[in-house]
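**Student:** Return a 3D structure for these sequence lines:
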Amino acid sequence: MISCSPWKDGFELRFGDTCLMRHSAKTPGLFISRKSVSISELKNNFPLLWKGLGPCSLSLNEAERELSFPGAFTAKLKLSDRSVEMSFSGLADEGRALALRFPAAPDERFFGLGNSSELRLRRGKTYPILPDMVKRTKRFPTVFSSRNWWMRCEDIAAAAAWSFKRDHIDLCFAGIPKKVILGGGGDTPEAMESLASFARPEARRPPGPSPDIAAPAIGAPVLHLSDSGPRYEELRPLLEKAGIKIGLLVDDRANGIPEIEALRIGQGSWESFLRDSGYRPIEETDGAGWDPKTITAQVLSLSLSGGFNPFIPVSRGNGTSGAKGYCLRWLDLAPFGPLFELSPPGTRETGRSVWERLAVATTLFAMLRPYREQCAAEWEGKAIPGLRHPAFLGRGGDGGDHGLWGIADEYLFGQDVLVAPSDNDKGAHGKWGRALVLPPGEWVHLWTSRRYPSGKITVEDPPGRPAVFYRKESEFASLFDEIRKKAARLG
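**Tutor:** Just a heads-up that it's a prediction; the model follows:
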């Protein structure tokens, strides 16, 4: 329950036992700049001088609090059980800037602010968020705490900078923001669900007849062809030979091709679907090679930013070039996610082995459809992303997360499947091995059906068999075992 009460000569905001924000004349939580500031100054680590807003009076009513500061500056707080919306007005000089300070525990971790190759937001670092970044992603910047609370800025025109210090966070604006929202939950899924009412993507569809893109995209692989890549007519015999059935064809050149069962759309329609639905491919990092922590960071930094449902695309790039750029490690992970977007290489660039691996991956994706549809329903209903941090299996924000927030190279697919991307190294005995941490409960190795308790383990993860586990108690346990048997026959 969010509460706001007097504190010294100011106020205090709390969520249960967690102090979200407090302000007084001697310990300010709200600051005003001593001069007007520009967006460029914020981008350059906002070298500003701030002064506390001083004491304030607190007016109480059933659902709203009003904070009145000297100089006619006013902050209104709209309270609900799991969130508080803060809006500001009354500052005479509109060129002045506002800063808010939030306390932070020494062991608290912070995540979010969109796609990043670093999972955790680092203490001592400043992260600028400019209006064009918000306009491009159509999502407002959000930070998620390991103590299961979050903060969010809802102002597409406001430049902001988040600065993470040892015992607090400073959120600074070039101007006065329209709205800042704080919220939380008793555990991680509840906290993410409380964020959903603000971060859930709008299911916008253009006026007039328009196809349902989500159903075929979730149900089967999406074949995405570029103008410079192979044509569908070239790929069709290879797809049929490999037994690959697609649900959606994204190709601006598709109007003249023979009739196919898949839905055909253009690049613009696909981009609109991704933007409006919240499904978001992680970005490729040229020249970065392969690093399981980087892949996991890209997935989870999006997942914990609110309003994004990330997935791992399979394309001819993925950080390398030429025929080998068709990255098989990305292909190994793609079946275990909400969408399977495939941008294949040219017909002459890749040998039979790649198409064989593609056939296996798309078969696994097809078999996982019932489980994936459950994850999609959870995304639609609660805005909880399909790929999520292992801490979603923890309970409580007071240290009862079993240390799961410290995991940086694994992620969950739904609540029942754990994926640990391969580190691509052979051990001293020449065998593929992946060290990982299993969350609480009993887990079953997907490829061998061997059971493991929670804790640190090492398993073999040769190419084509990433370290994937499912919860023994899962209602889909029989489906996962059928996948194991099918994969053994496919090789």
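**Student:** what's the burial count for the residue lying closest to residue 217 once chain neighbours are set aside?
**Tutor:** Once flanking residues are discounted, residue 217 sits nearest to residue 248: 5.0 Å by CB to CB, 6 or more residues apart in numbering. Backbone N, C-alpha and C define where each C-beta goes, glycine included. Residues near residue 248, counting by other CB atoms under 10 Å, number 26.
**Student:** Tell me which residues touch residue 248, please.
**Tutor:** Residue 248 makes contact with 213, 216-217, 220-223, 262-265 under the criterion CB atoms under 8 Å, 6 or more residues apart in numbering.
**Student:** from these, which ones fall inside strands?
**Tutor:** 222-223, 263-265 (DSSP state E).
**Student:** tell me the contacts of residue 185?
**Tutor:** 82, 148-149, 191-194.
**Student:** and the two most separated of those residues?
**Tutor:** With distances taken as CB to CB, the most widely separated pair in these is 149 and 193, at 13.0 Å.
**Student:** residue boundaries of the helices in the stretch 351-491 of the chain?
**Tutor:** 352-367, 369-382, 477-490 (DSSP state H, counting those that start in this stretch).
**Student:** same check, this time on the stretch 151-300 of the chain
**Tutor:** Taking DSSP H, counting those that start in this stretch as the criterion, the stretch 151-300 of the chain carries its helices at 188-199, 214-219, 232-242, 267-277, 292-303.
**Student:** most neighbours per residue, which of these?
**Tutor:** helix 292-303 (a mean of 24; mean count of other CB atoms under 10 Å).
**Student:** tell me what that one is packed against?
**Tutor:** Helices and strands touching helix 292-303, by 3 or more CB pairs under 8 Å, 6 or more residues apart in numbering; DSSP states H and E, are strand 110-112, strand 309-311, strand 387-388, strand 411-413.
**Student:** can I get these in a markdown table with mean neighbour count and mean pLDDT?
**Tutor:** Listed next are these as a markdown table, based on neighbours: other CB atoms under 10 Å; pLDDT from 0 to 100:
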| stretch | mean neighbour count | mean pLDDT |
| --- | --- | --- |
| strand 110-112 | 24 | 94 |
| strand 309-311 | 26 | 94 |
| strand 387-388 | 26 | 96 |
| strand 411-413 | 26 | 98 |
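**Student:** Let's have those strands in TSV, adding distance to residue 37.
**Tutor:** Formatted as TSV, the helices and strands packed on helix 292-303 follow (distance: least, CB to CB, whole Å):
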stretch	distance to residue 37
strand 110-112	24
strand 309-311	34
strand 387-388	37
strand 411-413	39
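**Student:** Let me know which of those is the nearest to residue 86.
**Tutor:** Closest to residue 86 of the helices and strands packed on helix 292-303, according to CB to CB: strand 110-112, at 18.3 Å.
**Student:** Show me how this structure divides into domains.
**Tutor:** Per the TED database, the structural domains of the chain span 2-198, 278-490.
**Student:** Quick check: end-to-end length of the longest one?
**Tutor:** It refers to domain 278-490. The separation between the terminal residues of domain 278-490, taken as CA to CA, to the nearest Å, is 34 Å.
**Student:** Return the distance of it from the chain's centre.
**Tutor:** Mean-position distance between domain 278-490 and its chain equals 14 Å (CA atoms, centre = their mean, to the nearest Å).
**Student:** same question, stretch 148-161
**Tutor:** From the chain centre to the centre of stretch 148-161 is a distance of 16 Å (CA atoms, centre = their mean).
**Student:** buried stuff in that stretch?
**Tutor:** Buried residues in stretch 148-161, counted by 16 or more other CB atoms under 10 Å: 148-155, 158-161.
**Student:** Give me the average confidence score over it.
**Tutor:** Mean pLDDT, stretch 148-161: 82.
**Student:** Using PDB, write down the CA coordinates of it.
**Tutor:** The C-alpha trace of stretch 148-161 is given here as PDB (Å, rounded to 0.1, in the frame of the first residue of the first chain):
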ATOM      1  CA  ASN A 148      10.300  -4.700  -6.300                       C
ATOM      2  CA  TRP A 149       9.400  -1.100  -6.900                       C
ATOM      3  CA  TRP A 150       9.700   1.000 -10.000                       C
ATOM      4  CA  MET A 151       9.800   4.600 -11.200                       C
ATOM      5  CA  ARG A 152       8.700   6.000 -14.500                       C
ATOM      6  CA  CYS A 153       8.700   9.400 -16.300                       C
ATOM      7  CA  GLU A 154       5.700  10.000 -18.500                       C
ATOM      8  CA  ASP A 155       6.600  13.100 -20.500                       C
ATOM      9  CA  ILE A 156       7.600  12.700 -24.200                       C
ATOM     10  CA  ALA A 157       8.900  16.300 -24.300                       C
ATOM     11  CA  ALA A 158      11.100  16.200 -21.200                       C
ATOM     12  CA  ALA A 159      14.800  15.500 -21.400                       C
ATOM     13  CA  ALA A 160      15.900  13.600 -18.300                       C
ATOM     14  CA  ALA A 161      19.000  12.200 -16.700                       C
END
